[in-house]
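Chemist: dropping a prediction and its sequence here:
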Amino acid sequence: MSLTTISPCDEAAIQSLPADHPCHPAARPWILTCTILASSMVFIDSTVVNVALPALQKEFNADVTQVQWVVESYALLLTALLLLGGSMGDLFGRRRIFAVGVFLFGVASVLCGLSDTIGHLTWSRATQGVGGALLVPGSLALISASFPENIRGKAIGTWSGYTAITAALGPVLGGFLIEHVSWRYVFFINVPFALVVLFLAFKYVPESHGDRGAGRLDWMGAALGCIALGCLVYGLIESSTLGWNDATVAGTLAIAPLAFFAFVMVEMRHPAPMLPLRIFKSRNFSGANLLTLLLYAALGGSMFFIPLNLIQVQGYSATAAGASLVPFILIMFALSRWAGGLVDRYGAKKPLVIGPAIAALGFALFAVPGLGGSYWNTFFPAVLILGFGMAITVAPLTTTVMNALDTTHAGTASGVNNAVSRAAALLAIALLGIVMSHAFNDAWLQRTRELSLSPTVLAQVDAQREKLAAITLPASTPSGERKAVEGAVASAFVYGFRWVMLISALLAVCSSICAWFMVGEYADKPVT
């Protein structure tokens, strides 16, 4: 049976189809299932790899900069190509490009699991990012094309909730695999997901297209976007080790704004730009994406350092560290469908002001714990409040973004918002990494003035300061000095971690203020 393309607005024609036709409303649960599982692969790998970072540091004797690139290479390609992925879906068929992305993501996951060096793992993660850039915008675009506007908010809320719950299971399962089997199986678990998604996509998901004008892909825009983001992130990350005066660091940081300016010029002149600048005429769309940039910078940056704190400083096992964030995900799952209807009942503004403000309190509470203490009295309150704030925010935010543009630009709307959230995390990890590095070094130097350590031990620690809490000493080190160093390193990390979380709280507050001034109570006229 062929998968006939039906206009998402032609609900009467859809209702008249046979019940076993993939465009019939009866197929919608399967479409949701397919898009949820596919997006979950991407979200799981965004969270579970953070839990694996301590294991990767140990396996490859890597410093923080090297494991940052394991995360950032994936995020960089995912971010830079999301807009192109949305455009390709609108032009060549959303289901087709979605399926290609799922296949590529699955193959890259196998390569990640087979990596024998940190460099191979980094490049394999970059390939995963390319696959994710093709499938993620397709997920929401397929939902928007298959669900009429009056139930689209709840459908997106359901998608948000179930992707959240699968993302919650990822770190727990990943932590168990890291602890009892190998970190490699963190990537291998994507393979059965990919196979199931491909089966559902070709059996139940109808093809849909968007209006792409001249029908040309914006390859130059995609290349300039990669260059701008790549140079900026490289310069920020490597500045921690090479210094700001290094020629490569200074050169890449100088190229970044030039490439960004060229990107804007190309988008203004291209007949079918991957980022049509006219879409930002919508105040709701612009405000929602600025909110996304600030809030997801806070979330992405903090989530990089939380597992390092729990495992390397607080002494949690990988499984326990993965489970520690489960309440965050469960709250989002339990409240996501309810939150999806908030826009219909109260408008967009209220939840998008209140949610980030609550999330800011959650970030601030992460800065309270020191060393030791029960999880329930230290990190649990922060996880709980952060989850509640994000639950109020995510579904209304996504609904606001998708309703701001005409359905023919669903892939573009989804791609832009996902690109913004990924870019936010990408830049935040690099910037907060600088904050953490400087704060850690300052605190360590202060502690060394208070400790009586031999010059040999001091030299050994100084040579490893880029590893932060993963610093190790030779077995021959006297036990007294070893304990003193371990305590000083843990204390220095907590000091830096507090700075990271307080900056994240400030970013969340700014996102709430942004919603107050830029997002309207109700959807404005969709931009076509």
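Modeler: Okay, I see it.

Chemist: residues touching the residue nearest to Ser40 when sequence neighbours are not counted, list them.
Modeler: Excluding its sequence neighbours, the residue lying closest to Ser40 (Cβ to Cβ, 6 or more residues apart in numbering) is Thr166, at 3.7 Å. C-beta: built from backbone N, CA, C; applies to glycine. Taking Cβ atoms under 8 Å, 6 or more residues apart in numbering, we find Thr166 in contact with Ile36, Leu37, Ser40, Phe43, Ile44.

Chemist: same check, this time on Ala505
Modeler: Taking Cβ under 8 Å, 6+ apart, one finds Ala298, Ala360, Leu361, Phe363, Ala364, Ala367 in contact with Ala505.

Chemist: from those residues, pick the one nearest Trp30.
Modeler: Ranked by distance to Trp30 (Cβ to Cβ), these are led by Ala298 at 35.2 Å.

Chemist: my guess is the closest one contacts Ser512, does it?
Modeler: No: contact criterion Cβ atoms under 8 Å: Ala298 and Ser512 do not qualify, at 11.0 Å.

Chemist: looking at the two, which one has more neighbours?
Modeler: Ala298 (30 against 22; other Cβ atoms under 10 Å).

Chemist: list the buried residues of stretch 340-354.
Modeler: For stretch 340-354, the neighbour count (16 or more other Cβ atoms under 10 Å) marks Gly340, Leu342, Val343, Gly347, Ala348, Lys349, Lys350, Pro351, Leu352, Val353, Ile354 as buried.

Chemist: in TSV, list the contacts of Thr166 along with distance to Leu290 and pLDDT.
Modeler: Output for those, formatted as TSV (distance: Cβ to Cβ, whole Å; pLDDT from 0 to 100):
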residue	distance to Leu290	pLDDT
Ile36	27	85
Leu37	31	84
Ser40	27	81
Phe43	22	76
Ile44	28	78
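
Chemist: restricted to helices, list those.
Modeler: Ile36, Leu37, Ser40, Phe43, Ile44 (DSSP state H).

Chemist: what does Gly347 show for phi and psi?
Modeler: phi 90, psi 170 (degrees, to the nearest 10).

Chemist: which stretches of the chain have low pLDDT?
Modeler: For the chain, applying pLDDT under 70 flags the ranges 1-27, 149-150, 152-153, 160-161, 164-165, 167-168, 210-215, 406-412, 414-415, 521-528.

Chemist: which residues of the stretch 201-350 of the chain fall in helices?
Modeler: 219-242, 247-269, 283-308, 318-324, 326-340, 342-346, 349-366 (DSSP state H, counting those that start in this stretch).

Chemist: just the buried residues of the fifth one, please?
Modeler: Applying a neighbour-count criterion of 16+ other Cβ under 10 Å, the buried positions in helix 326-340 are 326-333, 335-337, 339-340.

Chemist: run the angle between it and helix 349-366 for me.
Modeler: 170 degrees (axes from the mean of the first three to the mean of the last three Cα atoms, to 10 degrees).

Chemist: what helices and strands are in contact with helix 326-340?
Modeler: helix 149-180, helix 380-403 (3 or more Cβ pairs under 8 Å, 6 or more residues apart in numbering; DSSP states H and E).

Chemist: can you tell me how far Thr127 is from Gly362?
Modeler: 34 Å (Cβ to Cβ, to the nearest Å).

Chemist: ok so, going back, out of the helices of the stretch 201-350 of the chain, the one nearest Val71 is which?
Modeler: So among those, helix 283-308 is nearest, using Cβ to Cβ, at 6.5 Å.

Chemist: a markdown table for the helices of the stretch 201-350 of the chain, including distance to Gln464?
Modeler: Below are these laid out as a markdown table (distance: least, Cβ to Cβ, whole Å):
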| stretch | distance to Gln464 |
| --- | --- |
| helix 219-242 | 12 |
| helix 247-269 | 21 |
| helix 283-308 | 15 |
| helix 318-324 | 22 |
| helix 326-340 | 32 |
| helix 342-346 | 49 |
| helix 349-366 | 26 |
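
Chemist: closest one to Phe517 among those?
Modeler: helix 283-308 (7.6 Å).

Chemist: name the residues of that closest one that are buried.
Modeler: 284-308.

Chemist: again, but for stretch 109-126
Modeler: For stretch 109-126, by 16+ other Cβ under 10 Å, it's Ser109, Leu111, Cys112, Gly113, Ser115, Ile118, Leu121, Thr122, Trp123, Ser124, Arg125, Ala126.

Chemist: which of those residues fall in helices?
Modeler: In helices, defined here by DSSP H, the members of the buried residues of stretch 109-126 are Ser109, Leu111, Cys112, Gly113, Ile118, Leu121, Thr122, Trp123, Ser124, Arg125, Ala126.

Chemist: what's the closest non-adjacent residue to the second one?
Modeler: To tie it back to what came earlier, the one meant is Leu111. Ser124 (4.0 Å).

Chemist: equivalent analysis for Ala38, please.
Modeler: Using Cβ to Cβ, 6+ apart, the nearest residue to Ala38 is Val197, at 4.6 Å.

Chemist: can you pull the contacts of that neighbour?
Modeler: Applying Cβ under 8 Å, 6+ apart, we find Val197 in contact with Cys34, Leu37, Ala38, Met41, Val102.

Chemist: what subset of those is buried?
Modeler: For the contacts of Val197, buried by 16+ other Cβ under 10 Å: Cys34, Leu37, Ala38, Met41, Val102.

Chemist: can you give me the helices in the stretch 1-150 of the chain?
Modeler: 11-15, 28-60, 64-92, 94-113, 118-146, 149-180.
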